[in-house]
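> Sequence plus the predicted model coming up.
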Amino acid sequence: MLFSNFFAPTSKDTPADAKIASHILMLRSGMVSQAASGIYYWLPLATRVLEKISRIIDEEQARINSQKMYFTTIQSADLWIESGRYEAYGKEMLRLKDRKDGDFLYSPTNEEQATDIFRKYVKSYRGLPLCLYQIHWKFRDEIRPRFGVMRGREFLMKDAYSFDINFEGAKASYMKMFQAYIRTFRRMGLTPIPVQADSGAIGGNMSHEFQILAETGESTLYYDKKLPTASDEELMNIFAVTNEKYDPNTSSIPENELMVSKGVEVGHIFYFGTKYSKAMNAFVLDENGNKLYPEMGSYGIGVSRLIAAIIESSHDERGIIWPEAVAPFDVTLLNLHHKNEKCREAAQKIYEAINGHRKCSAPTQKEVLYDDREISIGEKFADADLIGIPWQVIVGEKKIKNNLVELKNRKTGEIIEMSPEEIIERFGKKC
RNA sequence: CGGAGUAUAGCUCAGUCUGGUAGAGCACAGCCUUCGGGAGGCUGAUGUCGGAGGUUCAAAUCCUCUUGCUCCGACCA
């Protein structure tokens, strides 16, 4: 992608409304733009990150046989009346009327629809277990939206729904999803902290939140200090709670091994048994021909919030530092001297080698943002650091005389000099 | 929902107290000079002063109503 063609309206000014790093940086880097309170446009840069995150989620869901589909954003109120939540959900739910004066709502969550699609088609215990998920927009009319996309009203959420034949099956599904979430967050360069949680409006009695440590987080976490170094399997059993549940008198962790930090909730999983299957008469026949109401769970990841959480946990005074797995581009190419023929040639050659072979679908292919704009050098460096692509290839006239360019690591600041050919070897498409 | 603010150019804000020609910096467009960390100069374009009503010879400014947005609290992926 050529930066001169790329819609990323960066700014050095900090908008007055933004208070926390992720909000400031998302606005300054041209990722999002506010459309209304708690509602944001997602510009191309942010969209790339949403897609990177979604792909990781998709891969990890596939591993546990959770199948992707789309529920709907607009739902008929009927299902919610049936489940009993139409009244219970309150003002947070956006209610709508169609032209025939029918009652609809914009999905805040989709348990009812998942149960509905299940009961329509699954009639036998042989159809279980089943797990369906989507990554789709939700709307919750928060009393007070704040911190940019961290607490927006409209947000992108991954939500999965599991159906099992009995409690043991449901618990196994819950545990599989638990592990999948740990892997998902770790692949994004994050350290998730699973904490026992209340199940809120979703209902049920087994629930965990996944928190990411961040100074600006809204939750206070108490956890065993072993946690940041634990393996995926160990994480599940390590002590961690939010402040609402922490009681120093009953805590099993000695004070000197206890950590207290602020966290951002990025995932939440629930087991709620037959709450919806019974309310909505979703049943299958078991091997004896008896009615069996499936045991259900639901599993959310706040995809759009994750972007903010990642930035909160990975930035410096100059801008964002993307973990490689979710970066909008793998590498950015800065041509410092666009009037210098050698620089132009070298940059163009590198750009084409990385970006040129669009037919190549090898998994090693890298995406490059080439800053070809005719602007000052300082502005290029500032934008590159602000946008936070993990690797910067810097082409300048001083080095190119000796057939050298620089490879700079955004996170460490480390610079390695190498030839354009070596850059191509490292980032070029390999078919 | 309770409390507190705020609304003037794309952004950050001045001007409002004390009514009298709509402003600055940044950004934007053109030209010139620069060129290893948001450089400098010249020229230029940009506004229903959030909306409605009122007072007045005259309203961004005073009064009334209204809407949006932000912040602080209790709720939430």
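Structure's in. What do you need? These numbers were taken from a predicted model, which means no experiment stands behind them.
> Only C-alpha atoms from now on, for both contacts and neighbour counts.
OK.
> Please report how far residue A:285 lies from RNA strand B.
Plainly put, residue A:285 is 32 Å away from RNA strand B if you go by C-alpha to the nearest atom of the strand, to the nearest Å.
> what is that residue paired to in the beta sheet?
residue A:124, residue A:291 (DSSP bridges).
> Contact partners for it?
Shown in contact with residue A:285 (C-alpha atoms under 8 Å, 6 or more residues apart in numbering): A:123-125, A:291-292.
> Buried only: go through the residues you listed for me.
Neighbour-count burial (16 or more other C-alpha atoms under 10 Å) is assigned, among the contacts of residue A:285, to A:123, A:125, A:292.
> State the distance from residue A:314 to residue A:408.
Separation of residue A:314 from residue A:408 (C-alpha to C-alpha, to the nearest Å) stands at 17 Å.
> What is the nearest of the contacts of residue A:285 to residue A:420?
residue A:125 (60.5 Å; C-alpha to C-alpha).
> The closest one and residue A:284 touch, don't they?
Yes. Taking C-alpha atoms under 8 Å as the definition, residue A:125 is a contact partner of residue A:284 at 5.7 Å.
> rewinding a little: export the buried ones among the contacts of residue A:285 to JSON lines and tack on pLDDT?
As requested, those are arranged in JSON lines below (pLDDT from 0 to 100):
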{"residue": "A:123", "pLDDT": "97"}
{"residue": "A:125", "pLDDT": "97"}
{"residue": "A:292", "pLDDT": "97"}
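> Would you check which of the residues you listed are in contact with RNA strand B?
Subset of the buried ones among the contacts of residue A:285 in contact with RNA strand B: empty, counting by C-alpha under 7 Å from any atom of the strand.
> nearest to RNA strand B, of the residues you listed?
residue A:292 (27.8 Å; C-alpha to the nearest atom of the strand).
> so residue A:322 sits in a helix?
No. Residue state for residue A:322 (DSSP: H, G, I helix; E, B strand; the rest coil) corresponds to coil; a helix is not indicated.
> And it, how close does it get to RNA strand B?
15 Å.
> What parts of the stretch 201-350 of chain A come near RNA strand B?
For the stretch 201-350 of chain A, the residues in contact with RNA strand B (C-alpha under 7 Å from any atom of the strand) are A:201, A:209, A:218-219, A:265-268, A:300-305, A:318, A:336-337, A:339.
> Quick one: distance of stretch A:261-269 to the chain centre.
The chain centroid and the centroid of stretch A:261-269 are separated by 12 Å under C-alpha atoms, centre = their mean, to the nearest Å.
> Oh, that last question was meant for stretch A:248-258, not what I typed.
Distance, centroid of stretch A:248-258 to centroid of chain: 32 Å (C-alpha atoms, centre = their mean).
> Just the terminal-to-terminal distance for it.
One end of stretch A:248-258 to the other measures 10 Å (C-alpha to C-alpha).
> Repeat that for stretch A:232-248.
Using C-alpha to C-alpha, the end-to-end distance of stretch A:232-248 comes to 27 Å.
> Could you list the residues in contact with it?
A:178-179, A:182-183, A:193-197, A:219-224, A:226-227, A:253.
> Of these, just the buried ones, ChimeraX syntax please.
If you want just the buried ones from those in ChimeraX, going by 16+ other C-alpha under 10 Å, the selection is:
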select /A:178,179,182,183,193,194,195,196,197,219,220,221,222,223,224,227,253
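> Out of the contacts of stretch A:232-248, list just those in helices.
A:178-179, A:182-183 (DSSP state H).
> circling back to that earlier point, is it possible to get CSV of the contacts of residue A:285 that adds distance to residue A:18?
Listed next are the contacts of residue A:285 as CSV, based on distance: C-alpha to C-alpha, whole Å:
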residue, distance to residue A:18
A:123, 51
A:124, 53
A:125, 52
A:291, 54
A:292, 52
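> Which of the residues of the stretch 201-350 of chain A next to RNA strand B fall within helices?
Per DSSP H, those map to helices at A:303-305.
> buried ones in the lowest-mean-pLDDT helix or strand in chain A?
Using mean pLDDT, DSSP states H and E, the weakest-scoring helix or strand in chain A turns out to be helix A:232-235, at a mean of 79. Of the residues in helix A:232-235, A:232, A:235 count as buried by neighbour count, 16+ other C-alpha under 10 Å.
> just stretch A:162-177 next, same as before
For stretch A:162-177, burial by neighbour count (16+ other C-alpha under 10 Å) applies to A:162-166, A:169-171, A:173-174, A:177.
> Residue A:428 against residue A:367, yeah?
No. Look at residue A:428 against residue A:367 with C-alpha under 8 Å: they stay out of range, at 9.3 Å.
> Show me whatever sits in contact with both of the two.
Taking C-alpha under 8 Å, 6+ apart as the criterion, residue A:428 and residue A:367 both touch A:354-355.
> Put the buried members of the residues of the stretch 201-350 of chain A next to RNA strand B into a PyMOL selection.
To isolate the buried members of those in PyMOL, using 16+ other C-alpha under 10 Å:
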select buried, chain A and resi 209+219+265+266+267+268+300+301+302+303+304+305+336+337
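> which ones among the residues of the stretch 201-350 of chain A next to RNA strand B are found in strands?
Of those, the ones assigned to strands by DSSP state E are A:209, A:219, A:265-268, A:300-302.
> now, which of these sits nearest residue A:413?
Of those, the one sitting nearest to residue A:413 (C-alpha to C-alpha) turns out to be residue A:266, at 29.0 Å.
> per-residue confidence at the spatially closest residue to the closest one that is not a sequence neighbour?
Leaving out its chain neighbours, the residue that sits closest to residue A:266 by C-alpha to C-alpha, 6 or more residues apart in numbering is residue A:302, at 5.2 Å. For residue A:302, the pLDDT comes out at 96.
> Mind listing what's buried along stretch A:293-300?
Buried, per 16+ other C-alpha under 10 Å, within stretch A:293-300: A:293-300.
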